[in-house]
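J.: 3D, please:
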Amino acid sequence: DYHPDMIYLRLGMYVFPIHQLAQIASLVGEINTNDLIQHKELGIVYVLYNLLTRSILLRSLDGLVSISRELAQTKSYSKFQKPTCVIANGIDLDNFDPIPAPANTIPRLAFIGNPGYLWHGVDKLVTLANLIPDIQIDIIGYESLPGIENVPENLHLYGYLNGVDYRNIIKRADAAISSLGLHRIGLFEASPLKSRECLALGLPLIVAYKDTDLHDIKGDFLLKIPNNENNIQTHAQTIRDFSYRMRGKRVNRKLITAIDQYKKEHQRLRFFEDIITNMS
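T.: Here you go, the predicted structure:
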């Protein structure tokens, strides 16, 4: 009884008969990762299955929305020659009130993540804590670090926290750290939601990738370091200097309007309208 004009889905491992959605309405898929690289973590069986089946769905699509220009230009997607729109992950800035800067003598850095994701690079935070003992690092989302027995005294693990406790940790931070190991899954451009949340709360940010929305923005609230395995060893002193420099400072919201979800959804809807019009 329901006749949609458009079906929009996040791309994942093919499951029969999902490609038949294209018979119901215009079908647009969202690209969030390079599946040919990321699925290697799942083992050879899943890798082969994905290689054999991914084109069934991709060929049936009427368009693609990619969260980065890098993914949109990846041959494994671009070869299907589908109309493509790049819309990075966004956040509703109106839902976040900036947190006042703390008055720390010793800088505190905050990291938010989930266990089990190689690209978070949480192991690198141990290296950072050892190399810079005169800063404090708070890690939210991890109760322990795999393979790490002796956690440095200046690195603190809080596990999963509710909203109030999470904010209490964040409001003590002078800056936040985003994912440090995207190179491990073959990505060099990204727009992590947790990084956007930290920016919306006013925290300066350390990034080890090209941010789709913020790469060309001029501002001292972003510290960009290389996206490689040794980025902490080579830039520990730079991170220390940034941490001390950001004490007492917060992000100018006018400089981060590009991450706002409202504008992004208008762009997404315009793309949908173009797809539907061209299919008529």
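J.: Which parts of the stretch 51-200 of the chain are helices?
T.: 69-72, 75-78, 122-131, 163-170, 193-200 (DSSP state H, counting those that start in this stretch).
J.: Pull out the buried positions in the second one.
T.: Meaning helix 75-78. 76-77 (16 or more other Cβ atoms under 10 Å). Where C-beta positions appear, they are placed from N, C-alpha and C, glycine not excepted.
J.: Contacts made by it with the rest, please.
T.: 31, 34-36, 58, 64, 66, 71-72, 84 (Cβ atoms under 8 Å, 6 or more residues apart in numbering).
J.: For these, give me TSV that also has neighbour count and distance to Ile148.
T.: Output for those, formatted as TSV (neighbours: other Cβ atoms under 10 Å; distance: Cβ to Cβ, whole Å):
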residue	neighbour count	distance to Ile148
Ile31	21	33
Asn34	17	28
Asp35	20	30
Leu36	16	30
Leu58	19	40
Leu64	22	39
Ser66	24	35
Leu71	23	31
Ala72	18	37
Thr84	19	41
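J.: Distance to Leu201 added to those, as TSV?
T.: Shown next, in TSV, are the contacts of helix 75-78 (distance: Cβ to Cβ, whole Å):
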residue	distance to Leu201
Ile31	28
Asn34	30
Asp35	32
Leu36	35
Leu58	37
Leu64	32
Ser66	27
Leu71	27
Ala72	29
Thr84	32
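J.: and of these, the nearest to His3?
T.: Taking Cβ to Cβ as the measure, His3 lies nearest Leu64 of those, at 23.2 Å.
J.: Let me see the contact set for that closest one.
T.: 28-31, 72, 77, 80, 82-85.
J.: quick revisit: least reliable of the helices of the stretch 51-200 of the chain going by mean pLDDT?
T.: Lowest mean pLDDT within those: helix 163-170, at a mean of 90.
J.: Which parts of it count as buried, going by neighbours?
T.: So for helix 163-170, counting by 16+ other Cβ under 10 Å, buried means 166, 169-170.
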